[in-house]
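predicted structure and sequence below. I'll ask about it afterward.
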Amino acid sequence: MSLVTNNYTKGASNTAGSVSHTVRQFGGAKLVFVLTALALQLWWSQTWLSHFLFGPAEWLGRVATYRSGQSLRRRGEPGWVG
């Protein structure tokens, strides 16, 4: 709780110092992990969307909304139903 309190009590003028302190406190390995996870998500989303029309959560939402099967694959891909 003190991390949240300290960030808000220092004010906006010391934001860079707060971020630097947070990185030192939690370690650089966690920052590397987070940035690696972000890079993998960006890569995977581009790969997924090059083969499919929607992401899996959007597809489930469309199936629930329209109450019928929706094609997940792009037009012309094997398995496309249109």
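That came through fine. Computed from a predicted structure; not experimentally measured.

tell me where the chain has helices.
Counting by DSSP state H, one finds helices in the chain at the ranges 2-10, 15-26, 28-51, 56-66.

next, the angle from the last one to helix 28-51.
This means helix 56-66. 50 degrees (axes from the mean of the first three to the mean of the last three Cα atoms, to 10 degrees).

residues of helix 56-66 that come out buried?
Buried positions in helix 56-66, judged by neighbour count with 16 or more other Cβ atoms under 10 Å: R62. C-beta: built from backbone N, CA, C; applies to glycine.

nearest to R74, out of the helices of the chain?
R74 sits nearest to helix 28-51 of all those, at 6.6 Å, using Cβ to Cβ.

sketch out the low-pLDDT regions of this structure for me.
Counting by pLDDT under 70, the chain has low-confidence residues at 1-17, 19, 22-23, 26, 75-82.

switch to 50 and redo it
1 (pLDDT under 50).

thanks a lot, see you next time.
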